[in-house]
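>>> structure for the following, please:
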Amino acid sequence: MEWIDLPVVQVFIYALITALATGLGALPFFFIDKISDSFLGKSNAVAAGLMLAASYSLIFEGYNESEWMTIAGMLAGVILVVLANNWLEGRSTPGLEDVVGGKRKQMLIFLGIMTVHSFAEGVSVGVSFASTMEFGAFIAIAIAIHNIPEGLAISLVMVPNGTSPMKAIGWSIFSSLPQPLMAIPAFLFVETFREYLPFGLGFAAGAMIWMVFADLVPEALEKCKPHTIGLWVTLAILGMSAFQILLGR
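Numbers count the residues shown, from 1 in each chain. Next comes the predicted model:
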């Protein structure tokens, strides 16, 4: 059909694929029956490593455009997530288990951080398509593949804490929905969005780094010995870094 040939529609379809790919990260949990304390600790460690590696990538991608705007974004991200955490502390959240399928309030912050992170990636997709359609398609495919371990990180936090694998797929995809939503305006108004992209990248990185050291690592240390957590965090960083190198990001 002719409408599929429209550039805006193509950008949306590619960006939507990147969002759907995030759900693939939850698939391994359909084959895991029992989740022990040791597995829970290692899961948090792997999620922490994946998020640290992703944060590193976001920071240096932002530095390529504007170092100070990236740093300002990191500071804003940390401030907002700390305020959100303080606001949730001591508050009752009726129906939380029905909404996310798990019992931890921190899961709301975690999902929020990963969703904010997707705004920046959606802008990246749109800006890339504004360069050339071929380059945009390459970046979109790279981000789609990159989103699979991000979906795994989300599932590693949610499933061991009571979320079903099916709901983990849904929330993983939900966290990436800003990608198709932001890709279109970024494609249409490329210069405006390119100017503020470093702030968005830094914002997501700052929030994720806080989450790693304020929640994921401390909880992992409650389940496993420090040297075990250090090993799994390091292996996750190495794996994610190698994955990003293979993707050319």
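>>> drop to CA atoms for contacts and neighbour counts, all remaining ones
Noted.
>>> now residue 246: which helix or strand?
For residue 246, the host element (DSSP states H and E) is helix 226-247.
>>> now do that helix, average pLDDT.
Mean pLDDT, computed over helix 226-247, is 88.
>>> which residue ranges of the protein form helices?
In the chain, the helices defined using DSSP state H lie at 7-22, 37-63, 67-88, 96-100, 106-131, 133-158, 165-176, 178-188, 190-211, 217-223, 226-247.
>>> closest one to residue 29 among those?
For residue 29, the closest of the helices of the chain is helix 165-176, at 5.9 Å, according to C-alpha to C-alpha.
>>> below-threshold pLDDT in this protein: ranges please.
1-5, 88-106, 247-249 (pLDDT under 70).
>>> which parts of the helix holding residue 246 are buried?
Buried residues in helix 226-247, counting neighbours by 16 or more other C-alpha atoms under 10 Å, are found at 228-230, 232-237, 239-241, 244.
>>> what about residue 13, neighbour count?
By other C-alpha atoms under 10 Å, 15 other residues sit near residue 13.
>>> sorry, back to before: contact partners of the helix holding residue 246?
The contact list for helix 226-247 (C-alpha atoms under 8 Å, 6 or more residues apart in numbering) reads 41-42, 45-50, 52-54, 142, 146, 149, 217, 220-221.
>>> now it, how far from the centre of its chain.
Relative to the centre of its chain, helix 226-247 is centred 16 Å away, using C-alpha atoms, centre = their mean, to the nearest Å.
>>> spatially central residue in this structure, please.
residue 114 (3.9 Å; C-alpha atoms, centre = their mean).
>>> re earlier: now the buried residues of helix 226-247 as CSV including distance to residue 85?
As requested, the buried residues of helix 226-247 are exported to CSV (distance: C-alpha to C-alpha, whole Å):
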residue, distance to residue 85
228, 28
229, 24
230, 25
232, 26
233, 24
234, 27
235, 29
236, 26
237, 26
239, 30
240, 27
241, 29
244, 30
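>>> which residues does residue 118 contact?
For residue 118, the contacting residues are 175-179, by C-alpha under 8 Å, 6+ apart.
>>> would you list these in JSON lines and tack on distance to residue 162?
As requested, the contacts of residue 118 are exported to JSON lines (distance: C-alpha to C-alpha, whole Å):
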{"residue": "175", "distance to residue 162": "18"}
{"residue": "176", "distance to residue 162": "21"}
{"residue": "177", "distance to residue 162": "23"}
{"residue": "178", "distance to residue 162": "25"}
{"residue": "179", "distance to residue 162": "27"}
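>>> what's the farthest-apart pair in these?
175 and 179 (9.0 Å).
>>> shared neighbours, these two?
Counting by C-alpha under 8 Å, 6+ apart, the common neighbours of residue 175 and residue 179 are 19, 118.
>>> who's more crowded, the two?
Neighbour totals were compared for residue 175 and residue 179, and residue 179 leads with 30 against 27 (other C-alpha under 10 Å).
>>> so the residue nearest to the centre of the chain sits right up against residue 175, yeah?
Yes - using C-alpha atoms under 8 Å, residue 114 is in contact with residue 175, at 5.9 Å.
>>> count of neighbours near residue 109?
A count of neighbours around residue 109, defined by other C-alpha under 10 Å, yields 18.
>>> now it: how far from residue 152?
Counting by C-alpha to C-alpha, to the nearest Å, the gap from residue 109 to residue 152 is 17 Å.
>>> ditto for residue 58
18 Å.
>>> which of those two has more neighbours?
Neighbour totals were compared for residue 58 and residue 152, and residue 152 leads with 26 against 23 (other C-alpha under 10 Å).
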